[in-house]
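1. Sequence first, predicted model second:
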Amino acid sequence: MLLYIHGFNSSPLSDKGLVTARFMARNYPDLHFQQPQLPSEPLEAMALLIEIVEKAKKEGQPLTYIGSSLGGYFASYLAETYGGRAVLINPAVKPFELFDEFIGTQYNPYTDETYQVVAEHKQDVARYNTPAIINPDRFYVLLQTGDEVLDYKQAVQKYHCCKLLIEPGGDHSFIGYEDQLASICEYLFS
């Protein structure tokens, strides 16, 4: 199973989500590909992800993940906790430290949903922190230094022992992501 985990205020309908789904359908048509729309509430989002992973594990499916931004943070927890390989795209390292600036009403343009970010969400997200990577062989981390949302150096520090691709420039969306999908799949499925 490949589980694609989108970021905060995003969706499987984001550019990365759509590009990933098309690539997998074209190149890996027999792959069990999961790409859920995550609930805006962090505990509900993680409960959904854990349910998907535990079901796949029970069925004996290999576990692989692609996580972008906050999805990369969640993918780190899942790979460390349940096993499998994860590719992280400009992952959030300590997203709970950023939550204060998002408290209040948020709007997701992909789902047309208006929702509230509350102070408790900060602690909810912090529950899934992996302060140190215990299994570095499970991670391939793609970073662009021009990420305007997250400090890529935090990810370099956390994932220094993992396979890293650091590109100068770019942005939070990871410019040229589509060009990386072949190497991403080679890592995940080899």
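-> Everything's here; your move. Numbers count the residues shown, from 1 in each chain.
2. Would you check how far apart residue 94 and residue 154 are?
-> Residue 94 sits at a distance of 7 Å from residue 154 (criterion: C-beta to C-beta, to the nearest Å). For glycine as for every other residue, the C-beta is placed from the backbone atoms N, C-alpha and C.
3. cool, residue 36 as well?
-> Counting by C-beta to C-beta, the gap from residue 36 to residue 154 is 26 Å.
4. same question, residue 172
-> 13 Å.
5. Residue 61 now?
-> For residue 61, the distance to residue 154 (C-beta to C-beta) stands at 32 Å.
6. next one: residue 136
-> From residue 136 over to residue 154 (counting by C-beta to C-beta), the distance is 16 Å.
7. can you check residue 145 too?
-> On the measure of C-beta to C-beta, residue 145 and residue 154 end up 12 Å apart.
8. same deal with residue 97?
-> Going from residue 97 to residue 154 by C-beta to C-beta gives 9 Å.
9. now do residue 43
-> Applying C-beta to C-beta to residue 43 and residue 154 gives a distance of 24 Å.
10. try residue 125
-> From residue 125 to residue 154 the distance is 15 Å (C-beta to C-beta).
11. what does residue 167 give?
-> 16 Å.
12. For the longest helix along the chain, name the packing helices and strands.
-> In the chain, taking DSSP state H as the definition, the longest helix is helix 42-58. With contacts taken as 3 or more C-beta pairs under 8 Å, 6 or more residues apart in numbering; DSSP states H and E, helix 42-58 sits against strand 2-5, helix 70-82, helix 120-126.
13. Could you check how far the next helix or strand after the last one is from the centre of its chain?
-> On the C-terminal side of helix 120-126, the closest following helix or strand by DSSP states H and E is strand 139-144. Strand 139-144 has its C-alpha centroid displaced from the chain centroid by 11 Å (C-alpha atoms, centre = their mean, to the nearest Å).
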